[in-house]
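[1] One predicted model, sequence on top.
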Amino acid sequence: MNLSETNSFIKKENQFMPVASRFHNENKLVKLNDSELDKRLSGDGIAMEVGPFSVNVLIKFKNVREDFLKIYRDFPFYDEPIVLDHSISVFGRNLFRQYLRPQAFVETEMNNDTIPLPAKIGMVSLEMGFNWQVAMGCKQYLMFHAGVVARDGIGLIMPAMSGSGKSTLAAGLSFRGWQLHSDEFGLLDLDAGELIPYPRAVSLKNQSIPVMKEWVSREHDNYEDYFTPAYPGTPKGTICYLRPPDQSIEEMHKRTKPNFVILPIFDPNSEPKIRPITKTMAFFRLVASSANYGDIGERAFSSIAKIIEESFVCEIIYPSLDTAVELVEAFIAEHSDPKKAGQDDG
Amino acid sequence: MADIENQSGKTEDSLSKRLHRRSLLKAGAIVAPIALTLHGGVPLAHADSSGSCIIELWNIGENPSHPNYEDMQIPMNPKNGHFQTVTNGLGNPNGGTYPADTDWQAFNPTNEEHWKYIAESPANYGYSCIVSVTNVRIKGNNGFGNYDQSCPGGSCPNNDAENDFPLPGNNPHTGIPN
Amino acid sequence: MAIMPSEELINKSAVYHVVNTADFLWTSFEDSNILYDPASGHTQVLNDFAREILDLLEDGPKTVSHLFSEFEEIIEKELDPDLKNKIVETVINFDNMGIIEPV
C-alpha cells in the first residue's frame, strides 16, 4: 500500500507524519490503567499497536499479564474493534495445564509449532509468538535481523548474528538519546525507502542483563521499573526483557531513511576499533541478514542496493557497551556532513 | 556511482565501466574470474498444503506416544455424545469452566464430534487449521533459525532470533550442538 | 603445461548465449558486480573478470573457444591453460546458475 494514497496522516506537534500502521486511528486510542488493561487482557483481549502492526493480545495467566504490562502499559491501545494484523493468545491448553503445573501455550493463528513453556516464563512464550508473527507474516516490509536506531535524520542499521551484542547496543544507544526502532527486526518500507520503528521489548540474555541495568540506572533512579523479572532456565540461559525508553514509544510512528550501516562485533578481549569494510561486504551482510529477501525478491535487491549506495559503512569491534557507543558516535560524527554522503569508507 | 541497471538498455555508464574493466584485465589486475551465488532466492516460508495440519492432527491422534498427544483433550458431554461448551467465561473455554461431569477424551481422529470440536469451538488450537483454506503450514519450522529447515541463502547464522529455542541435537548445517 | 580437467568437461563446440538479459538487475560496488535474476530469484556476485565473460556472451552467442580468442584480444597476450580452465569453470557456473545456456 502506498502511503501517499492512504491520506492517513497524524498531526503531532504541528508536523504531519505518515502513519506507520495502515489502520492507525488516533481518535480510537484509549488510555487505560493497569486494572482496566488486566481485565481486558484476561477477557477477550485488547488491541495494541506496535509500530506498523496492530495485534490483539489475550493472556490467561496473571503473572504473564503483570510482566506484559511492565513493558507495554504505555503503548497505544484500542478499546473497540479495529482491523488487526495479528492476534496472539497465551493460555493453558486445558484445565490441567491452566491451573496444575501450568504451561503457557501461545497461539499466533499462524500455525506455530512452539512448545508450551512453564507459565512462570510465559512472557518468553509471548515474545516468541510476537517474533513468529512478524517473521512469518511480514512480506510488505523488507525485514533485517538487525538492531536499528535513529536520531536527527540518521538511520542506523546494525545487522548482526545472535551473540554479537546488537540488542544490548541498540538498547544502550536508545537510553542515550537515540530512538529505538528495534533490537531485533529492522523494517524497511519498500515504497518510501524509510525505516519503520517496531519498538518492542528488548530481549537481554545472561551477562547483558546486569550490564543494561547498570546502564539504565545511570539515567533513571527507578531503573528496575524498566525490566521484567529474569527468567532463568531457558535453553538460551537467563532472559530478561527491557522496556523501550518512553520517547521511543511515543515516537513509534516516526520514520527515518537509513544512511549508516555498522556491523558490531563484541569481543571482551579486544581493543576498541572502527574497521573499514567495503560496500560489497556491507551489501552481502544486509542480504544475509534479511529473512524475507527471497520472498520479496527484486524490490528487496533494489532497496538494499540503494541503502548501501547511500550509507556510510563500517565494522566496530568493542569490549564493552561504553566503548561501543563511543565508537558508533565517533563514526557518525565523522560522517555526518551531508556533502560526504555516499562516500565509501572502505 | 552504483546505479541499478536494467540490462535491456546499455547505458553510457555501463559502457565506460566495461572499458575500465577491460583495462584492468589487460593490466593483469584481476587474475581469475569469480562468480558466486549470494542468495538462492529461497523464500522463508515453505508453504505446504493447508491440509497438512489436518494430517498432523491425525498423526497425533493415532500415536499415543506423540509428545502432544496428552495435550489434545476433547471435552465431551457424557449425556448426549456432543462436545461440551463452557458454562461461563464469555464463551471462551480458556476463560471459563466446563461442567463437572465433562468427559475429557483423548483426541480420536475417527470421531466426527472430535473434529467438530476442533473446527467449531472457540478453542484456539486447531481452529485456524481447518477453517482457513489459505492457511499455510511452515514445513516443520517452529522458529527463526531453528535449523530444522534451510534458511534463505546463507542467512541461517543470521536468522537465530534471540527468543528462539533450538531443537535438541546438532545443527544439521554445522554439526555444532545446538 | 598439461590440460586441466575443467577444459575437458565442457563441450567446446557448444554455443552459449545469455538466457534473458531484459530483466536482469545489476548493481556494483568496488570490484563486485551483483546481479539479480528475477526468473530464478537468485542473486549472483561476479568480479570484473566474470562480468566481462558474461558481457562477451551478451554481445552474441559464442563457444568457449571464441571466448578464449576474444579474451586474448582484450589482454593482448595468450591465455595460459590455468586461466582457460578458470574461464571454462565460470561458463559452467553460469550455466548452473541459469543465466546462460547452450543454444
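    Nice, thanks for sending it over.

[2] Could you give the average pLDDT over stretch B:74-91?
    What stretch B:74-91 shows for mean pLDDT is 72.

[3] burial of the nearest residue to A:Glu326 once chain neighbours are set aside, as a residue count?
    Excluding its sequence neighbours, the residue lying closest to A:Glu326 (CB to CB, 6 or more residues apart in numbering or on different chains) is A:Pro272, at 7.2 Å. To be clear about C-beta, it is placed using only N, CA and C from the backbone, and glycine gets the same treatment. The number of residues packed near A:Pro272 is 16, by other CB atoms under 10 Å in any protein chain shown.

[4] again, but for C:Ala39
    C:Ala39, neighbours per other CB under 10 Å, totals 12.

[5] The one 3 residues further on too?
    As a burial measure, C:His42 scores 20 neighbours (other CB under 10 Å).

[6] OK, contacts around it?
    Contacts for C:His42 (CB atoms under 8 Å, 6 or more residues apart in numbering or on different chains) come out as B:37, B:39-41, C:36, C:97-98.

[7] For it, list each beta-bridge partner.
    C:Asp37 (DSSP bridges).

[8] Spell out which parts of chain C neighbour chain A.
    C:25, C:27, C:29-32, C:34, C:36, C:38, C:41, C:43, C:45 (CB under 8 Å from any CB of the partner chain).

[9] who's in contact with A:Ile59?
    Per CB under 8 Å, 6+ apart, neighbours of A:Ile59: A:41-42, A:45, A:65, A:68, A:89-91, A:122, A:126.

[10] for it, phi and psi?
    phi -140, psi 120 (degrees, to the nearest 10).

[11] separation between it and A:Lys279?
    45 Å (CB to CB, to the nearest Å).

[12] What of A:Ala146?
    Counting by CB to CB, the gap from A:Ala146 to A:Lys279 is 17 Å.

[13] what about these two, which has more around it?
    Shown here are A:Ala146 and A:Lys279; by other CB under 10 Å, A:Ala146 has more neighbours (29 against 24).

[14] Can you tell me the SS state at the more buried one?
    With DSSP: H, G, I helix; E, B strand; the rest coil as the basis, A:Ala146 sits in strand.

[15] Quick check, it in contact with A:Leu169.
    No - in this structure, A:Ala146 is not within contact of A:Leu169 by CB atoms under 8 Å, at 10.7 Å.

[16] list residues touching both of these two?
    Joint contacts of A:Ala146 and A:Leu169 (CB under 8 Å, 6+ apart) are A:Met158.

[17] Among the residues of chain C next to chain A, which one lies nearest to C:Asn11?
    Nearest to C:Asn11 among these is C:Val45, at 26.4 Å by CB to CB.

[18] rewinding a little: widest-spaced pair of the contacts of A:Ile59?
    A:Gly45 and A:Gly122 (14.9 Å).

[19] So these two - more neighbours on which side?
    A:Gly122 (29 against 19).

[20] Against C:Asp55, how distant is A:Glu310?
    Distance from A:Glu310 to C:Asp55, by CB to CB: 27 Å.

[21] So the two - more neighbours on which side?
    C:Asp55 (18 against 15).

[22] Can you tell me the element the more buried one falls in?
    Secondary-structure assignment from DSSP states H and E places C:Asp55 in helix C:48-59.

[23] In strands, which of the contacts of A:Ile59 fall?
    In this view, the contacts of A:Ile59 that belong to strands under DSSP state E are A:89-91.

[24] and A:Leu188, that one's in a strand?
    Yes - using three-state DSSP, the secondary structure at A:Leu188 is a strand.

[25] now the helices for chain C?
    Secondary structure of chain C (DSSP state H): helices located at C:5-9, C:48-59, C:64-75, C:81-97.

[26] confidence score at whatever residue of chain C ends up closest to chain B?
    Taking CB to the nearest CB, chain B has its nearest neighbour within chain C at C:Gly41, 2.5 Å off. C:Gly41 is assigned 85 on the pLDDT scale.

[27] The stretch 201-346 of chain A against chain B: which residues are in contact?
    A:203, A:205, A:234-236, A:239, A:279, A:284-285, A:287-295, A:297, A:302, A:305-306, A:308-309, A:342.

[28] my guess is A:Ile154 contacts A:Lys257, does it?
    No - taking contacts as CB under 8 Å, A:Ile154 lies outside contact range of A:Lys257: 9.2 Å.

[29] which stretches of chain B have low pLDDT?
    Within chain B, the segments meeting pLDDT under 70 span B:1-10, B:41-60, B:62, B:67-68, B:70-71, B:86-97, B:109-110, B:112, B:115-116, B:118-178.

[30] hey, which helix is longest across it?
    Per DSSP H, chain B has its longest helix at helix B:12-26.
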